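**Q** all I have is the shape, not the residue letters:
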């Protein structure tokens, strides 16, 4: 139904996350995007594209990288 609509309202994460946007059938090309409540935009982008890394994961990555260089 999206192609027939002239206005679509959706949450930031649906708009900003490419896979979610594509799965929802939202196309940005040749369209105008208006972002309301933009004061939350940076926090939303940070949440969509960030991940937590634990100290143990960093240790494993460093050890693996070191072992690969020694070989």
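**A** That came through, no problem. Since the model is a prediction, treat every value here as computed from it, not as a measurement. Residues are numbered from 1 along each chain as shown.
**Q** host element of residue 33?
**A** Taking DSSP states H and E as the definition, residue 33 sits outside all helices and strands.
**Q** measure it to residue 39 for me?
**A** The spacing between residue 33 and residue 39, counted by CB to CB, to the nearest Å, is 17 Å. Placement of C-beta: from N, CA and C, glycine included.
**Q** then residue 6?
**A** 26 Å.
**Q** the closest residue to residue 47 other than its chain neighbours: how many residues sit nearby?
**A** Closest residue to residue 47 apart from its sequence neighbours, by CB to CB, 6 or more residues apart in numbering: residue 13 at 7.5 Å. Using other CB atoms under 10 Å, residue 13 is surrounded by 13 other residues.
**Q** ok, residue 13 - contacts?
**A** The neighbourhood of residue 13, defined by CB atoms under 8 Å, 6 or more residues apart in numbering, consists of 20, 44, 47, 48.
**Q** the third one sits in which helix or strand?
**A** For residue 47, the host element (DSSP H and E) is helix 41-49.
**Q** relative to the whole chain's centre, how far out is that helix?
**A** 8 Å (CA atoms, centre = their mean, to the nearest Å).
**Q** which positions within it qualify as buried?
**A** Within helix 41-49, the residues that qualify as buried by neighbour count (16 or more other CB atoms under 10 Å) are residue 44.
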